[in-house]
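In: No letters, just coordinates:
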Ligand code: PMP
């Protein structure tokens, strides 16, 4: 029965990891995958997580099934984080939130639900976007196209192109937007540009799906969440997927969520019932541990303060690395102006290097980024930065 099965292509990013693992270069540096490492090159275990887990170990509990939509305290904490605990949408009960298996799971549950509600809708993602957006919505049965986003020449957002594409989309088109820290480019919309996007979304009756995988990595938790407030103020219904993979350094626990802002409480109850069907028929109910940890941290003011401090440290270290990278490239003899790296935000930098240059960087120097020129700045540290700068300088010379 499997004779006709073809070999699927390797995942472009996770495939790089495999190549990196097999590389014998002692100086190798992995800037491919979007993971935050501390200055010692180690994946951090946050103190807030350690403390919450230590408490859980003091009173171990049996593991029954969770409700289909997950831990109630977790879902409430997500609502608070995304919309504000005292916000009108949360207080009026018109947000439907489910615990999801990572941000990816939130996107997938949302996509499956949307396919039922509006099966003929087209999905628009940014060009470029996180690699999995296209595949995920395609596999959910949608026709996926892209709206212009990155302007390579200008090094920024092709905002006119984006607005024009959204303006000519059919009513009901699902538009996937990166809420903050655009992956892979590192270029976000300005508040004024968001207002214009919201205007088009409203005028054209588009369905916004905000992907929030990096809340807190841009300017701060509230600052990065401000875009949600803009959509609320515009009176729109929309989707938000949340990921705690990076902000809690809980990648492997698969902690995420999907929130759907509805017109009223009754609508939210109906939407939630449908989200539960999507979950039940995919994986039945979510796992306990990661959600319990995040709920324990977000639900305890002292612990939450520790988390906010640790998140700020990650954010600030990435920013410091951006500056070190720009300075280091200059010191290593790179002639071209690389200062745009400090204008980008979040974990990534679209470096402007070509595919050939990225391949040389990988094969000759053991510095791994994606073929698109994307490098994970969050994997740079005081020990590898000089080597990375010198390697890039050699490739560019
Ligand atoms: N969306 C974007 C834009 C991402 O960068 C990522 C993670 N790389 C995700 C979603 C998925 O997050 P998770 O690992 O929590 O599934």
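Out: Yep, that arrived. Treat the numbers as computed from the prediction; the structure is a model and nothing was measured.

In: Residue 263 - that's part of a helix, no?
Out: No. Secondary structure of residue 263 (DSSP: H, G, I helix; E, B strand; the rest coil): coil, not part of a helix.

In: and residue 273, what helix or strand is that in?
Out: For residue 273, the host element (DSSP states H and E) is helix 265-280.

In: which residues sit against that helix?
Out: Contact with helix 265-280 is made by 68-69, 92-96, 98, 109, 112-113, 116-117, 258, 260, 262, 285-286, as judged by Cβ atoms under 8 Å, 6 or more residues apart in numbering. Where C-beta positions appear, they are placed from N, C-alpha and C, glycine not excepted.

In: Just the ones in strands from those residues, please.
Out: Taking DSSP state E, the ones among those that sit in strands are 95-96, 98, 258, 260.

In: What is the nearest of these to residue 59?
Out: residue 98 (26.5 Å; Cβ to Cβ).

In: contacting residues around the closest one?
Out: 68-70, 75, 106, 109, 257-258, 272, 275-276, 279.

In: most surrounded residue in those?
Out: residue 257 (32 neighbours; other Cβ atoms under 10 Å).

In: Now do that residue against residue 94, distance only.
Out: Remark: distance between residue 257 and residue 94 (Cβ to Cβ, to the nearest Å) = 16 Å.

In: Spatially nearest residue to the residue positioned nearest the centre of the chain, not counting backbone neighbours?
Out: What sits nearest the mean C-alpha location of the chain, by Cα atoms, centre = their mean, is residue 213, with 2.6 Å. Residue nearest to residue 213 in three dimensions, not counting chain neighbours: residue 243, with 4.1 Å by Cβ to Cβ, 6 or more residues apart in numbering.

In: now swap in residue 127 and tell me
Out: residue 146 (3.7 Å).

In: The residue nearest to residue 213 pairs with what?
Out: As for beta bridges, residue 243 partners with residue 256 under DSSP bridges.

In: I'd say it and residue 105 touch.
Out: No. Here residue 243 does not reach residue 105: they are 9.1 Å apart, not a contact under Cβ atoms under 8 Å.

In: In the stretch 151-300 of the chain, where is pLDDT below threshold?
Out: Nowhere does the stretch 151-300 of the chain drop to pLDDT under 70.

In: Spell out which residues of it are next to the ligand.
Out: 178, 183, 211, 213, 243, 245, 256 (Cβ under 6 Å from any ligand atom).
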